[in-house]
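Student: Could you work out the structure for the sequence below:
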Amino acid sequence: MRVSAGLPTGMEGLTYPIPFSDPDAVIRIAQHAEKLGYHSVWGNDHMTTQNYVRAEFKTPPRFWEPLVTYAFVAAETTTLRFGTGILVLPMRHDIVVTAKQLCTLDHFSGGRLEIGVGIGAYREEFLALQPDNKIPRGKIVDEGIPALQALLRDRVATFEGDYYAYRDVELYPKPMQNHVPFYVGGNNANNLKRVAKWGDGWLPAAIHIDQVRDSVAALRDLTEAEGRDFDDIEVAPQYIVHIGKTREAALERFSQTQMCAHLTSLRQSTLKGQGDLGHEDINLIGTVDDVVERANLLGEAGVTHLLGLYFAANDLQELLDQMQIFAEEVVPRLK
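Tutor: A predicted model of the protein is given here:
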């Protein structure tokens with residue numbers, strides 16, 4: 001099972017306090033991940049502050065643009081891969097510029113890029129950027145994925161859609177990698193269809209193991225219906241991690257973190273439908289033994305990559321310590 005770490009490109013005020021993610025801290029987390037043997041780091045994509053964050057904090061969060069951030073990460077690491085977890089396509093109307101940035105980044109990093117795309121968790125953020133837009137975000141993503149992939153693949157590409165359109169674009173050079181791994185993010189069934197049609201991997205967030213099992217079975221059927229081999233698809237959910245000496249200590253500390261407040265807010269959007277389940281019933285929270293057991297059960301349910309794990313912490317050193325505990329005490333015991 002692959003294991004990768006979350007990079008807080010746009011997480012102040014959401015999963016971490018303000019301030020937290022200054023540029024030096026972001027680079028330090030990436031370098032720590034490389035030293036500890038994490039497969040990759042994954043940062044998210046936000047443009048404007050969410051309403052509940054504005055209500056809680058007097059100081060605005062610093063949201064770093066992920067592709068620019070990765071240019072600096074690439075310069076300060078040597079083998080670490082990095083992925084967009086996720087790049088919010090509805091907020092990126094000029095898909096040709098986005099494709100050019102991705103190709104450039106893959107070359108300048110020596111072929112270390114991975115791409116994850118999706119709708120985005122906060123509709124309010126999209127409406128702030130495009131208040132007059134009437135096209136549903138799902139339709140935008142259904143156009144955006146093939147529009148982006150054509151630019152990355154075809155010598156000369158043309159696309160005609162309601163949101164994305166370009167004609168006779170020769171975007172060169174193509175990515176350094178023959179094929180850049182391409183993930184589709186999101187928890188609902190529509191995203192399984194997108195993965196089956198266009199993706200190399202599925203990137204949901206904090207889903208219960210029962211939903212993993214059901215979704216893996218559905219994804220297998222959808223993938224085979226598209227004439228593709230399901231064994232080529234990564235099942236790569238993102239979870240929250242906090243490890244303590246006892247389960248009670250881990251839960252108590254987690255409840256005090258900004259991460260806990262963020263997960264609660266997502267129950268109005270991405271995590272809708274989780275009902276009365278506690279965060280500890282879904283995520284990797286507890287002792288080392290607890291976390292190992294749950295991670296291996298996820299593997300048995302079909303998970304192949306614990307992608308972009310976010311370590312609950314209220315300061316940088318706590319996050320780095322949690323990363324180290326997971327890498328040294330959990331990863332060697334994963335099946």
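
Student: where do the helices sit along the protein?
Tutor: 23-36, 51-56, 66-76, 95-108, 123-129, 137-153, 189-198, 209-225, 247-255, 258-266, 279-282, 288-301, 316-325 (DSSP state H).

Student: Switch these over to CSV; also include mean neighbour count.
Tutor: Where C-beta positions appear, they are placed from N, C-alpha and C, glycine not excepted. What follows is those, written out as CSV (neighbours: other C-beta atoms under 10 Å):
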stretch, mean neighbour count
helix 23-36, 18
helix 51-56, 14
helix 66-76, 19
helix 95-108, 19
helix 123-129, 15
helix 137-153, 20
helix 189-198, 19
helix 209-225, 16
helix 247-255, 16
helix 258-266, 19
helix 279-282, 18
helix 288-301, 18
helix 316-325, 17
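
Student: Where among the ones you listed is average confidence lowest?
Tutor: Ranked by mean pLDDT, the helices of the chain end with helix 258-266 at the bottom, a mean of 81.

Student: same for it, what does it pack against?
Tutor: Helix 258-266 is packed against strand 240-243, with contacts defined by 3 or more C-beta pairs under 8 Å, 6 or more residues apart in numbering; DSSP states H and E.

Student: by contact count, what packs against the strand it packs on?
Tutor: Checking 3+ C-beta pairs under 8 Å, 6+ apart, strand 240-243 ends up next to helix 247-255, helix 258-266, strand 284-286, helix 288-301, strand 305-311, helix 316-325.

Student: Check which strands are paired with that strand and give the direction for each one.
Tutor: Sheet pairing here is set by DSSP bridges, and for strand 240-243 it gives strand 284-286 (parallel), strand 305-311 (parallel).

Student: Just name the most buried of the ones you listed.
Tutor: Neighbour counts (mean count of other C-beta atoms under 10 Å) averaged over each of the strands paired with strand 240-243 peak at strand 305-311, with a mean of 27.

Student: excluding its backbone neighbours, what's nearest the spatially most central residue of the chain?
Tutor: Nearest residue to the geometric centre of the chain (C-alpha atoms, centre = their mean): Gly85, 2.5 Å. Nearest residue to Gly85, sequence neighbours excluded (C-beta to C-beta, 6 or more residues apart in numbering): Trp42, at 3.2 Å.

Student: Share the number of residues neighbouring Ala312, please.
Tutor: Residues near Ala312, counting by other C-beta atoms under 10 Å, number 28.

Student: what does Glu234 give?
Tutor: For Glu234, using other C-beta under 10 Å, the count is 18.

Student: what sits against it?
Tutor: 2, 181, 183, 200-202, 304-305, 307 (C-beta atoms under 8 Å, 6 or more residues apart in numbering).

Student: repeat that for 7 Å
Tutor: Residues in contact with Glu234 (C-beta atoms under 7 Å, 6 or more residues apart in numbering) are 200-201, 304-305.

Student: And the residues you listed, which is closest to Asn188?
Tutor: Asn188 lies nearest to Gly201 out of the contacts of Glu234, by C-beta to C-beta, at 16.4 Å.

Student: pretty sure that closest one contacts Ala236?
Tutor: Yes - counting by C-beta atoms under 7 Å, Ala236 is a contact partner of Gly201 at 5.0 Å.

Student: Okay, and the beta partners of the residue lying closest to Gly308 once chain neighbours are set aside?
Tutor: Nearest in space to Gly308, with sequence neighbours left out and distances taken as C-beta to C-beta, 6+ apart, is Trp42 at 3.3 Å. Note on Trp42: beta-bridge partners by DSSP bridges are Gly6, Gly83.

Student: just to revisit the earlier point, between the strands paired with strand 240-243, which gets nearest to Asp231?
Tutor: That would be strand 305-311 among the strands paired with strand 240-243, by C-beta to C-beta, at 13.7 Å.
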